[in-house]
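Compute the structure for the input listed below.
(2 chains)
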Amino acid sequence: MSRLQVVSGKGGTGKTTVAAALALALATEGKRTLLVEVEGRQGIAQVFETEALPYEERKIAVAPGGGEVYALAIDAERALLDYLQMFYKLGGAGRALKKLGAIDFATTIAPGVRDVLLTGKACEAVRRREKDGRPTYDHVVMDAPPTGRITRFLNVNDEVAGLARIGPIHNQAQAVMRVLKSPETAVHLVTLLEEMPVQETADGIAELRAAELPVGRVVVNMVRPHVLDEAAVRAASGDHRDAIARTLAAAGVTGGARLVEPLLDEAAEHARRVELERTQRAVLDGVGVPSYELPFLGDGADIAGLYRLAKELRKQGVGA
Amino acid sequence: MTEKAGAADGPDAGEGPDAVDGPDAATGPDAANRPAPEDGPGAAGEGANGLDRPALLELDPLLDDRGTRIIVCCGAGGVGKTTTAAALGVRAAERGRRVVVLTIDPARRLAQSMGIDSLDNTPRKVDGIKGSDGGELHAMMLDMKRTFDEIVEAHAEPERARAILENPFYQSLSAGFAGTQEYMAMEKLGQLRARDEWDLIVVDTPPSRSALDFLDAPKRLGSFLDGKFIKLLMAPAKVGGRAGMKFLNVGMSMMTGTLGKLLGGQFLKDVQTFVAAMDTMFGGFRTRADATYRLLQAPGTAFLVVATPERDALREAAYFVERLAAEEMPLAGLVLNRVHGSGAARLSAERARAAAENLDEGRIVDQGGGKAGLGGSPATEPESEHESRPESEHGTVPEPNDLATAAAHPVPEAAPTAEPAQETTDVDVRHLTAGLLRLHAERMRVLAREQRTRDRFTALHPEVAVTEVAALPGDVHDLAGLRVIGDRLTAGRTPSA
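Model (predicted):
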């Protein structure tokens, strides 16, 4: 599997949870993964139910089977200062630049610098090696910006390389771009089986392909079991209300007669949803990207749910 | 809505004996006999969970109040901000107001439903609004680059404007890097307000890194424009002109030298050219950003924080509520989208599941009229059953991979009294009923989780009025759908909340 796994998706589709589950799933025995976040929301800390992450790589979880997951919340400003220090020994000058507002300018206003730093830091982690030559991290998983912005975010280095036509920023931008466009990278898009997220996913895939960025998988999240479908509900709402009421009573439910109507309403809603999901699945099939499927967690994505999703991903071939 | 089966519902439920169960009460052992909590519009009191129940956010009075001039919908990504903004726009227009909806990045079909699928940055009249008293709806989609270009064109002489528009740095900046979209949304809001053609502007906020970005971006741009750094970029010589500043000047030159080294000389020159060309306009930017900011604090503005009953969305909502208070911006309340309800909330998840198991195992709890012997899984029924199914009555053939086992064996239409069909009917009805109970158990689990998530928000912000919008099975992409959302937005609580 690709060393850098970028996870994007429309807001509300569970992209951070999926990224965390993917990092766990990839950390099979003896492996180490780094989970990075780039949007300063402390989403990883929330998913793992720990305190806010500092700008520092630290072990956050042990995966089933003994692999390790490290996490890092990348901070653009700190990344820039590090970068200046690392390459130009600009410690003091860096502080002076900060005082002037230049660092602020570079990380918030100047076009693209922020995104260059964030992608650059992730690529650095991908390339980093230990003294014995082994990669420090077997995989780096990035909880990336949402689908609507992902292509621009990843492609920013191309743009910046065009703006800053010479110099170290130019070189850095080009080096990052080489990693991002190689098979070392896979960009996954998380979606739900709903119209808007599916449409956005299809658009996102087209944009990634146009920018020659490597599309990985579609991750269909929160897939609900189909308990009943429309035909069954139609049958039930026919002449069988009485029979259902009697059956409810027989099963030990008191006051069943008054429950029949609301239960059938819920079933009708479910059936409509099953139909919609079927339509959306057909749209996704048309996109021609392989997918992972993750179940809906009725109790929400807590730690237990996270490990369950990781297990699901392994079943579907992640980390194999 | 379920009938009230007891007296423990309503605002006073907190004093009832079973009110101390906490948020999970609905799944407690005696929950089956408790009615769905339900209260009248506007009621604020203590809920069954011991928390003060938030007041109901009433949106119709807000929309009808001519003093309301701007409604800002904000919240995390994917919570339905744009749909909420559009639905409020439709409703306000149909209640007689002249409304413009400013959307930032609408889903394609929603945009089409309002006839604004073309990105021309101009409000267009929406057809099909059944307005009374001259109510009208206009809608537009923000084109941030166009907005930026228009500002440049409006505030600089043609030659200078062209120099700016052709500058590579400007081109990247205006095409949407950090903060530009947020800044341009505020700029556009200011422009729409200044035109005074509409008596209500409903604005949707950009899908930002964080929901707070759109409040910060104009300030950030402002502080950059006022900062030392830009002066340094513009005229390093000017700063160090005085004798006492000589030393500083050397430092500054070193700094620009460093920047040049880092960014490449051409890039720095592009930035400097851009900054020099924009010089005269910066004052205007700053003034307008400040004016828009003050507009957002004015009494005619109402912020609606939009969320879903999910942990992340409500966390963002809480940040937003706190931030708006700090900025002295007027919060009208919280719109909670996609809330699940149940008309059968008195049947707990546990009891529903247990009953489903009873049916599966052929265990009969009550006097079943000789049905106890009817075990056996319908899934093992012969295929012939399938083929004899009357197609006309049951529509499409379910897919085999569908877990709808009950659907694969639809209930025959024969009367329950018909002796030969009796056995099959019982088995099928039983299977179907088990399916209904399982679905309900799952629904109740979701309800309980949503309630816990909401309680967390309510505990932190009991002062925030809330309105709930029941979850719809599908997406909305026409005016009729937006009207339904508008009805739900203003209908009060869902039965189960």
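
what are the ranges of the helices in chain A?
Under the criterion DSSP state H, chain A contains helices at A:15-26, A:43-47, A:76-88, A:91-100, A:102-104, A:113-127, A:147-163, A:168-180, A:195-210, A:230-236, A:241-250, A:256-287, A:303-315.

and if you look at the stretch 151-300 of chain B?
With DSSP state H, counting those that start in this stretch as the criterion, the stretch 151-300 of chain B has helices at B:158-166, B:168-174, B:180-195, B:213-226, B:228-234, B:236-239, B:246-263, B:265-297.

before we move on, the earlier item: highest average neighbour count across the helices of chain A?
Greatest average neighbour count among those goes to helix A:15-26 (a mean of 28), per mean count of other CB atoms under 10 Å in any protein chain shown. (Each C-beta comes from the backbone N, C-alpha and C, glycine too.)

Now that one - C-alpha only, PDB.
C-alpha atoms of helix A:15-26 as PDB (Å, rounded to 0.1, in the frame of the first residue of the first chain):
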ATOM      1  CA  LYS A  15     -13.200  11.700   7.600                       C
ATOM      2  CA  THR A  16     -11.200  12.100  10.800                       C
ATOM      3  CA  THR A  17     -12.600   8.900  12.300                       C
ATOM      4  CA  VAL A  18     -11.900   7.000   9.100                       C
ATOM      5  CA  ALA A  19      -8.300   8.400   9.000                       C
ATOM      6  CA  ALA A  20      -7.800   7.300  12.500                       C
ATOM      7  CA  ALA A  21      -9.200   3.800  11.800                       C
ATOM      8  CA  LEU A  22      -7.000   3.600   8.700                       C
ATOM      9  CA  ALA A  23      -3.900   4.500  10.800                       C
ATOM     10  CA  LEU A  24      -4.800   1.800  13.300                       C
ATOM     11  CA  ALA A  25      -5.500  -0.800  10.600                       C
ATOM     12  CA  LEU A  26      -2.100  -0.100   8.800                       C
END
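
hmm, back to that, confidence-wise, which of the helices of the stretch 151-300 of chain B is weakest overall?
Note on the helices of the stretch 151-300 of chain B: lowest mean pLDDT is at helix B:236-239, with a mean of 45.

closest one to residue B:296 among the helices of chain A?
Evaluated over those, closeness to residue B:296 peaks at helix A:102-104, with 23.3 Å, by CB to CB.

so how far is that closest one from its chain's centroid?
The chain centroid and the centroid of helix A:102-104 are separated by 29 Å under CA atoms, centre = their mean, to the nearest Å.

Just list what it packs against, helices and strands only.
On a contact count with 3 or more CB pairs under 8 Å, 6 or more residues apart in numbering or on different chains; DSSP states H and E, helix A:102-104 meets helix A:76-88, helix A:91-100, helix B:213-226.

nearest to residue B:199, of the helices of chain A?
Nearest of those (CB to CB): helix A:195-210, 30.6 Å.

Tally up the residues packed near residue 134, please.
All of this refers to chain A. Neighbour count of residue A:134, defined by other CB atoms under 10 Å in any protein chain shown: 10.

Please refer instead to chain B.
Residues near residue B:134, counting by other CB under 10 Å, number 9.

Surely it and residue B:94 touch.
No: Residue B:134 is beyond contact range of residue B:94, at 11.5 Å (criterion: CB atoms under 8 Å).

I'd like the helices of chain A written out as CSV, with mean pLDDT added.
CSV is the format used below for the helices of chain A (pLDDT from 0 to 100):
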stretch, mean pLDDT
helix A:15-26, 96
helix A:43-47, 91
helix A:76-88, 76
helix A:91-100, 69
helix A:102-104, 74
helix A:113-127, 88
helix A:147-163, 84
helix A:168-180, 85
helix A:195-210, 94
helix A:230-236, 72
helix A:241-250, 89
helix A:256-287, 90
helix A:303-315, 95
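
Okay, now the unreliable bits of the stretch 351-497 of chain B?
Along the stretch 351-497 of chain B, the model assigns pLDDT under 70 to residues B:363-427, B:492-497.

again with the stretch 51-200 of chain B
Counting by pLDDT under 70, the stretch 51-200 of chain B has low-confidence residues at B:51, B:109, B:115-120, B:132, B:176-179.

if we can go back for a sec, now the helices of chain A in CSV, with distance to residue A:58?
Compiled in CSV, these are given as follows (distance: least, CB to CB, whole Å):
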stretch, distance to residue A:58
helix A:15-26, 13
helix A:43-47, 11
helix A:76-88, 15
helix A:91-100, 24
helix A:102-104, 24
helix A:113-127, 13
helix A:147-163, 25
helix A:168-180, 24
helix A:195-210, 31
helix A:230-236, 50
helix A:241-250, 53
helix A:256-287, 37
helix A:303-315, 17
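
between these, which gets nearest to residue B:433?
Residue B:433 lies closest to helix A:241-250 among those, at 4.3 Å (CB to CB).

so what secondary structure elements neighbour that closest one?
helix A:256-287, helix B:349-360, helix B:422-460.

Of the ones you listed, give the one that comes closest to residue A:179.
helix A:256-287 (25.1 Å).

so what does that closest one touch, helix or strand wise?
Helix A:256-287 is packed against helix A:195-210, strand A:215-223, helix A:230-236, helix A:241-250, helix B:422-460, with contacts defined by 3+ CB pairs under 8 Å, 6+ apart.

Can you point out the buried residues in the longest one?
Buried residues in helix B:422-460, counted by 16 or more other CB atoms under 10 Å in any protein chain shown: B:422, B:424-458.

Which ones among these also lie next to chain A?
Contacts with chain A within the buried residues of helix B:422-460, counted by CB under 8 Å from any CB of the partner chain: B:425-426, B:429-430, B:432-440, B:442-443, B:445-446, B:449, B:453.

Closest residue of the stretch 151-300 of chain A to chain B?
Nearest residue of the stretch 151-300 of chain A to chain B (CB to the nearest CB) works out as residue A:262 at 3.0 Å.

thinking again about what came up before, ok, which of the helices and strands packed on helix A:241-250 comes nearest residue A:73?
helix B:422-460 (23.0 Å).

Report the buried residues of whichever helix or strand comes after that closest one.
Moving toward the C-terminus from helix B:422-460, the next helix or strand (DSSP states H and E) is strand B:466-470. Residues of strand B:466-470 classed as buried by neighbour count (16+ other CB under 10 Å): B:466-470.
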